[in-house]
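> Dropping a prediction and its sequence here:
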Amino acid sequence: MQTNQTDRLTLIYFRHSVDEDPLGVLSLWNDSSHHCEWQGVVCGGRHPERVVSLDLTSKGLGGLLSPHIGNLSFLRSLILQNNSFRGQIPQSIGHLFRLRNLVLSNNSFGGQMPTDLSQCSNLENLNLIDNQLVGKIPDDLGSLLKLQRLGLTKNSLTGSIPHSIGNLSQLYTLSVAFNGLQGEIPETLPNLRGLWFVQLSFNQLNGEIPPALFNISGIYLLDVGDNQLRGSIPPYIGDTLPSLNYLGFTSNLFTGVVPSSLSNASGLQCIYFYNNSFHGPMPANLGRLKALEIMLISHNQLRDDFSFITSLTNCSRLEIIGASYNFLEGPLPDSIGNLSGSVSVLAMGSNRLYGTIPPGIGNLFNLSFLSLANNLVGGCVPSSIGALQNLHKLDLCNNMLTGEIPSSIGNSTLLNNLHLSFNNFYGEIPQSLGNCKQLNELELSYNNLSGSIPGEVLSLFTISIIFSLAHNQLSGSLPSQVGSLTNLVELDLSFNKLTGPIPSSIGKCLQLERLNLAVNSFYGEIPLALGTLRGLQELDVSDNNFSGKIPHFLAQLTDLRYLNLSLNKLEGEVPKQGVFLNASAMSVFENRNLCGGIVELNLPSCKSNTSKPFWTKKVIVIAIVAAILSSLILCLCLFIIWYQIKKSKKNTSSTKLPFEHQFSRVSYGELFKATYGFSENNVIGKGRYGTVYKGTTQEGGWVAVKVLNLGHRGASKSFVSEC
């Protein structure tokens, strides 16, 4: 009864430590049923009250693992994989001396591995894969003499692989990949003659692989990739490891040749040799590997020709060939069209490949990735390329290809990436590319393409990464369909012969970060629609015919870090905000009439906005002064007239009448009224010294009134002589 109660209470403690139970599994662990009937719990046959197995795989449980778990003294299997347990693995696990299987993989356990695990002397399977464990692998693990499988992959373990691991004579699976382990592979590891699965990849191991490891004939998988290991592959590897299925040496410092004995490992499916320093030719007998599916030998120093491709035509299950970035030289053999129909990846870029593309390449109907980039391939692209209807990426850039881009490429409707830049293609861009509705990268730059940009291609809203037609001979205007590229990040149409204004629809390309329209013949004003591109980082519209003022919205694009407006016909003031504050981030030279801006631009100052009001005020002052002077002159004239009349009266002896009765006396007001305010309509003559006005008196008579311009020399004398 006491032992029964112990296991029941332990399970209840376990339940209380769990704080996430989305499926309600542990809610049924209650007094309504016997604990041996609870989900995930198995009790023994000889001891029917005692728990021998607790398996709660993939129940979505989260929380801590109760330290009371160590009280389940009859427990043989504890399996909690694929949950969300956290915290440390309790040391009390070491009390479970009957434990054979401890599987805690794919959780979030942290801290160090419990050292008391070494007391679980019957442990056969220890799986702590995919957690957050830190620290070293305990040396005492070497005392678990019955251990057969050790899985510590995908943690953050450091230190070295303990030499004591060589004591685990029954171990056949060792998986410690994706950690931070350092040091050399222990020389004791080859003591484990039953090793079948050895996974040491993605660590920081150095030194050489112990040679004796290549003599363990039962090894099925050997993966030491992504370390800092050096040395060479033994020439006899295929003879001593005949059961080899997977050989992973990627991203190390290995040198030497690829041994031809590999062909003796007839079950070999995967060869991962990329990113090392292997040299020499590839073995010509690899066709004997009938099971071969993957061969990745890129980023090495392999030489000779591509004749090994012919051998690979016998590998009926082959799917992936990666041989880029080597020194392989020669034409691509016609036999490439005889490769298995299952080939989906063919990467031969960055070699010394020349000749033409064999038409038989169209036979590889399952091909999804084809790269011959960075070679010396010439001639035309065969129209049979259109038969590759499963093609996702076609990269032929940086070759010597010529002719027209085959319209049959439009048959590859699953195409995501099309890279044909840096070749000698001519003719028009095929409209059929508009059929590639899943295209997200289009690179046709640095060719001799001509004609207009097909609207069908610009309508491919799926293009999101780059759309580049730069350095061609394209002409015509930019179609309004450019607004369909709503997901595009980079648009480069520079160095062409495009003309017309930029369509306002470009403002719909809201994801655009880089826009290059330089060296074309675009004209008109820089469209306001560009102001909607708030994420724009680089804008180059230099060497066009844009006119008008620099729009102020360019200074408000906060992400803009490069702006080139040079070699246009822009005028007006250069802003002093945003990108315009950094002379190294923008360029405005060689425009029509720019002014202002920061001093580093060395532009003239803009004319003052107050100049026009100043001249207006000046005109008003002059008008007032002129009016006053005119009035004074008029008064002076009247005085002189009066004076002459008076003088004339004194000199006339025959006239008996007094002076005041000989002439009428007229006031300035009467003259002003008589001439209608000296109206221009009353002018009857103009002379050198003044103006004569016709006036009408109140009695109906008329008089002539002369207004002298006393500002003119001689006006006074003229008046006297006339009087």
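Arrived safely, thanks for sending.
> Can you pull the phi and psi angles for the closest residue to Ala212 other than its chain neighbours?
Counting by CB to CB, 6 or more residues apart in numbering, Pro190 is the residue found nearest to Ala212 once chain neighbours are left out, at 3.5 Å. Quick note: C-beta positions are derived from backbone N, CA and C, even for glycine. Note on Pro190: backbone dihedrals following degrees, to the nearest 10 are phi -60, psi -10.
> residues touching Pro190, list them.
Contacts for Pro190 (CB atoms under 8 Å, 6 or more residues apart in numbering) come out as Pro210, Ala212, Leu213, Asn215, Ile216.
> 6 Å instead?
Applying CB atoms under 6 Å, 6 or more residues apart in numbering to Pro190 gives the contacts Pro210, Ala212, Leu213.
> ok, the nearest residue to Leu56 once chain neighbours are set aside - how many residues close by?
Closest residue to Leu56 apart from its sequence neighbours, by CB to CB, 6+ apart: Gly40 at 4.4 Å. When neighbours are counted by other CB atoms under 10 Å, Gly40 registers 18.
> From what I see, Gly40 and Thr57 are in contact.
No. Counting by CB atoms under 6 Å, Gly40 does not reach Thr57; the two are 8.3 Å apart.
> Just the pLDDT for the residue nearest to Ala212.
You'll see Pro190 listed with a pLDDT of 97.
> What of Glu670?
pLDDT, read off for Glu670, is 70.
> tell me the secondary structure for it?
helix (DSSP: H, G, I helix; E, B strand; the rest coil).
> Against Asn399, how distant is it?
Remark: distance between Glu670 and Asn399 (CB to CB, to the nearest Å) = 103 Å.
> next one: Ile526
According to CB to CB, Ile526 and Asn399 sit 37 Å apart.
> any idea how far Ser542 is from the residue nearest to Leu56?
As judged by CB to CB, Gly40 and Ser542 stand 70 Å apart.
> Likewise for Gln204?
Distance, Gln204 to Ser542, using CB to CB: 48 Å.
> Between the two, tell me which one has more neighbours.
Taking other CB under 10 Å, Gln204 and Ser542 do not tie; Ser542 has more neighbours (23 against 13).
> Doesn't that one belong to a helix?
No. With three-state DSSP as the criterion, Ser542 is coil rather than part of a helix.
> what's near enough to touch it?
Counted by CB under 6 Å, 6+ apart, Ser542 has contacts Ala518, Asn564, Ser566, Leu567.
> Which among the contacts of Pro190 count as buried?
Buried residues within the contacts of Pro190, counting neighbours by 16 or more other CB atoms under 10 Å: Pro210, Leu213.
> Including pLDDT, could the contacts of Pro190 go into TSV?
Converted to TSV, the contacts of Pro190 look like this (pLDDT from 0 to 100):
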residue	pLDDT
Pro210	98
Ala212	97
Leu213	98
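> What separation do you get for the residue nearest to Ala212 and Gly166?
Pro190 sits 8 Å away from Gly166, going by CB to CB.
> what's the weakest-modelled helix or strand in this protein?
Ranked by mean pLDDT, DSSP states H and E, the weakest helix or strand in the chain is helix 659-662, scoring a mean of 44.
> Identify the residues contacting Cys606.
Glu573, Cys595, Gly596.
> Tell me where the stretch 1-150 of the chain has helices.
2-16 (DSSP state H, counting those that start in this stretch).
> Oh, that last question was meant for the stretch 451-600 of the chain, not what I typed.
With helices called from DSSP H, counting those that start in this stretch, the stretch 451-600 of the chain shows them at 455-458.
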